[in-house]
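Colleague: fold the following for me, if possible:
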Amino acid sequence: MWKCKVANFLFKAVSIKIFQDYVVMSHIQTCSNCQSRLANREEAQSLLIPQAELQNGKDFWPNVRHAIGEKQSPLKPALVYRWRWAFIATLTIGSILVGIWFSFTPTLQKSPEPTQKFHVNYIEIENKPVQVFYFKTQEENMFFVWAEKSEEGG
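Modeller: Numbering: from 1, shown residues only. Purely as a prediction, here's the structure:
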């Protein structure tokens with residue numbers, strides 16, 4: 001049964017004649033439930049106008065026009081399907097654009113780390129250890145290193 005619903009949905013959703021023909025034919029050939037609901041030859045012939053009435057010249061068009069006029073909807077089905085496709089296409093494109101928009105939101109970028117780092121392992125002045133001070137300036141690539149003798153006896 002769910003295959004029947006999928007086939008009905010595809011038939012209504014895609015208004016391309018070749019695709020609709022393919023959906024109907026492939027579904028009818030594989031679905032035993034739908035095959036059992038098909039009309040047999042006698043039922044189909046009862047719905048047709050006999051050839052004798054056509055040869056007698058009986059005017060059946062007024063009855064056909066009257067039946068069509070009562071059941072005709074204000075909008076043609078093809079027009080409704082065409083607008084349905086436009087609506088679905090607009091929603092799909094809009095969703096994709098919103099997704100792209102949110103995936104590329106600007107973020108604050110950190111300044112790049114300098115590729116070379118300055119590192120002092122050990123400094124001596126007159127073969128004695130010294131005290132080292134680092135001073136970073138406001139400029140990104142500039143800093144000072146101050147080395148001072150350690151005070152003795154202090």
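
Colleague: wouldn't W146 be in contact with V132 here?
Modeller: Yes - at 7.1 Å, W146 counts as touching V132 under the criterion of Cβ atoms under 8 Å. C-beta here means a position set from N, CA and C on the backbone, and glycine is covered the same way.

Colleague: pLDDT wise, what is the closest residue to A7 other than its chain neighbours at?
Modeller: Nearest non-adjacent residue to A7, counting by Cβ to Cβ, 6 or more residues apart in numbering: H27, 4.1 Å away. Here the pLDDT value assigned to H27 is 85.

Colleague: ranges for the strands of the chain?
Modeller: Under the criterion DSSP state E, strands of the chain are mapped to 124-125, 128-136, 143-149.

Colleague: mind putting these into JSON lines with distance to S103, mean pLDDT and mean neighbour count?
Modeller: Formatted as JSON lines, the strands of the chain follow (distance: least, Cβ to Cβ, whole Å; pLDDT from 0 to 100; neighbours: other Cβ atoms under 10 Å):
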{"stretch": "strand 124-125", "distance to S103": "56", "mean pLDDT": "82", "mean neighbour count": "10"}
{"stretch": "strand 128-136", "distance to S103": "37", "mean pLDDT": "81", "mean neighbour count": "10"}
{"stretch": "strand 143-149", "distance to S103": "39", "mean pLDDT": "83", "mean neighbour count": "11"}
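
Colleague: out of those strands, which comes closest to L97?
Modeller: Taking Cβ to Cβ, strand 128-136 is the member of the strands of the chain nearest to L97, at 44.7 Å.

Colleague: what does the closest one rub up against?
Modeller: For strand 128-136, the surrounding residues in contact (Cβ atoms under 8 Å, 6 or more residues apart in numbering) are 120, 122-124, 142-150.

Colleague: give me that answer again for 7 Å
Modeller: 120, 123-124, 143-150 (Cβ atoms under 7 Å, 6 or more residues apart in numbering).
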